[in-house]
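K.L.:
Prediction below, plus the sequence it came from.
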Amino acid sequence: MKKFTHTLFIWLMVLIIILVTVYLFYVGYSYYQTPLEERFYHPQHDWFKPSGAFGHGLGIMGTLMIIFGVSIYIARKRYNFMSKYLRLKYLLEFHIFLCTLGPILILFHTAFKFGGIVSIAFWSMVAVVLSGVVGRFIYIQIPRTIEGRELSLSEVKNMQSDLSETITSKFNLDDETLKLLASYAGERGEKKSIAPLRKVLRRHKVDKQDRKDIIKMVKNEISLSGKIKRLETMQRLFKYWHVAHLPFALIMLIIVIIHVGITLAFGYKWIF
């Protein structure tokens, strides 16, 4: 049920991003397809241009989404802000949602016109988003608790059991089956097929329910072996990922601050 809720939460956010993007293209298509040198004569130029009410508003909302998405995630992850109410895995998805939708709004804020310092901010933003997608993939490969806390290598190893010993204490099996079970334990277990085990269990006429229980235990052992094997690699990749993600994020943030400062200096106050 919790996995279903998590999946539904993700798809709801994806749907919102798609619908907003389609809507923005729909309402501004006529303006955005107009050549840059002719946009001044477009009847809705004052509305869709970056300093217009609509375009400027998109820039403000997009920027606030990014700032809030980054701030709330850092506050929860590093300082346990509202840890009783904000589950980390859901907050990560919300962070990705805001930091995907925000750049889309900013893209429409620019009216697809890039130049000067704004282009640096935009491509830095693109790099942040793309590296965020990679980071999301790495993140989900790392075993975690139901609250989203990363499990350590020792914690994952403690979840393993002596497969042969556990099954021997519960089921009366012959030596051939026990030897086969022992081959599923260890680092290479995730690559072995359980089809031979099914055949052996059937040949020795193991009770149907017992067969299901044994297969379930073996699958769990194989899954844990795979997690242990991946854990150190993914943790190392995650550290390297920060080296690429954080600099682009800082560049984008600095340029956005400069952009906002220049905008205010030139007297652009949006609708206020």
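P.N.:
Thanks, I have it.
K.L.:
in the chain, what secondary structure element scores lowest on mean pLDDT?
P.N.:
Scoring the helices and strands of the chain by mean pLDDT, DSSP states H and E places helix 153-158 at the bottom, with a mean of 56.
K.L.:
In this protein, where's the longest helix?
P.N.:
In the chain, taking DSSP state H as the definition, the longest helix is helix 208-265.
K.L.:
Which strand or helix spans the nearest residue to A249 once chain neighbours are set aside?
P.N.:
Distance criterion C-beta to C-beta, 6 or more residues apart in numbering; nearest residue to A249, sequence neighbours excluded, is V128 at 5.0 Å. Every residue, glycine included, has its C-beta placed from N, CA and C. Using DSSP states H and E, V128 falls within helix 117-141.
K.L.:
quick one: buried residues of that helix?
P.N.:
Neighbour counts using 16 or more other C-beta atoms under 10 Å place 118, 121-122, 124-125, 127-129, 131-132, 135, 138-139 of helix 117-141 among the buried residues.
K.L.:
ditto for stretch 74-87
P.N.:
Neighbour-count burial for stretch 74-87, counted by 16+ other C-beta under 10 Å, picks out R76, K77, L86, R87.
K.L.:
Now intersect those residues with the helices, please.
P.N.:
Those of the buried residues of stretch 74-87 lying in helices (DSSP H): R76, K77.
K.L.:
May I see the buried residues of stretch 74-87 arranged in a markdown table, with distance to H109 and pLDDT as well?
P.N.:
As requested, these are exported to a markdown table (distance: C-beta to C-beta, whole Å; pLDDT from 0 to 100):
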| residue | distance to H109 | pLDDT |
| --- | --- | --- |
| R76 | 28 | 86 |
| K77 | 29 | 80 |
| L86 | 29 | 77 |
| R87 | 32 | 78 |
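K.L.:
Can you name the two of the buried residues of stretch 74-87 that sit furthest apart?
P.N.:
K77 and R87 (11.7 Å; C-beta to C-beta).
K.L.:
Packing partners of the helix holding V128?
P.N.:
Where contact means 3 or more C-beta pairs under 8 Å, 6 or more residues apart in numbering; DSSP states H and E, helix 117-141 is packed against helix 88-109, helix 208-265.
K.L.:
Contacts for it, please.
P.N.:
92, 96, 99-100, 103, 106-107, 110, 114, 230, 234, 237-238, 241, 244-245, 248-249, 251-252, 255-256, 258-259 (C-beta atoms under 8 Å, 6 or more residues apart in numbering).
K.L.:
Filter the residues you listed down to just the buried residues.
P.N.:
By 16+ other C-beta under 10 Å, the contacts of helix 117-141 give 92, 96, 99-100, 103, 106-107, 110, 230, 234, 237-238, 241, 245, 248-249, 251-252, 255-256, 259 as buried.
K.L.:
quick check: angle from the helix holding V128 to helix 208-265?
P.N.:
Here helix 117-141 runs at 160 degrees with respect to helix 208-265, directions being taken by axes from the mean of the first three to the mean of the last three C-alpha atoms, to 10 degrees.
K.L.:
Can you give me the distance of the residue nearest the centre of the chain to A111?
P.N.:
By C-alpha atoms, centre = their mean, the mean C-alpha position of the chain lies nearest to R136, the distance being 3.2 Å. Distance, R136 to A111, using C-beta to C-beta, to the nearest Å: 29 Å.
K.L.:
Which among the helices and strands packed on helix 117-141 is found nearest to Y41?
P.N.:
The closest of the helices and strands packed on helix 117-141 to Y41 is helix 88-109. By C-beta to C-beta, the value is 20.4 Å.
K.L.:
Alpha carbons of the closest one, in PDB - could you do that?
P.N.:
Extracted C-alpha coordinates of helix 88-109, given in PDB (Å, rounded to 0.1, in the frame of the first residue of the first chain):
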ATOM      1  CA  LEU A  88      12.700  12.000   3.400                       C
ATOM      2  CA  LYS A  89      11.900   9.900   0.300                       C
ATOM      3  CA  TYR A  90       8.700  11.800  -0.300                       C
ATOM      4  CA  LEU A  91      10.500  15.100   0.200                       C
ATOM      5  CA  LEU A  92      13.100  14.100  -2.300                       C
ATOM      6  CA  GLU A  93      10.400  13.500  -4.900                       C
ATOM      7  CA  PHE A  94       8.900  16.900  -4.000                       C
ATOM      8  CA  HIS A  95      12.300  18.500  -4.300                       C
ATOM      9  CA  ILE A  96      12.700  17.000  -7.800                       C
ATOM     10  CA  PHE A  97       9.200  18.100  -8.700                       C
ATOM     11  CA  LEU A  98       9.800  21.800  -7.700                       C
ATOM     12  CA  CYS A  99      13.200  21.800  -9.300                       C
ATOM     13  CA  THR A 100      11.900  20.500 -12.500                       C
ATOM     14  CA  LEU A 101       8.700  22.600 -12.800                       C
ATOM     15  CA  GLY A 102      10.600  25.700 -11.600                       C
ATOM     16  CA  PRO A 103      13.100  25.600 -14.500                       C
ATOM     17  CA  ILE A 104      10.300  25.000 -17.000                       C
ATOM     18  CA  LEU A 105       8.500  28.200 -15.800                       C
ATOM     19  CA  ILE A 106      11.800  30.000 -16.100                       C
ATOM     20  CA  LEU A 107      12.200  28.700 -19.600                       C
ATOM     21  CA  PHE A 108       8.900  30.300 -20.600                       C
ATOM     22  CA  HIS A 109       9.800  33.400 -18.600                       C
END
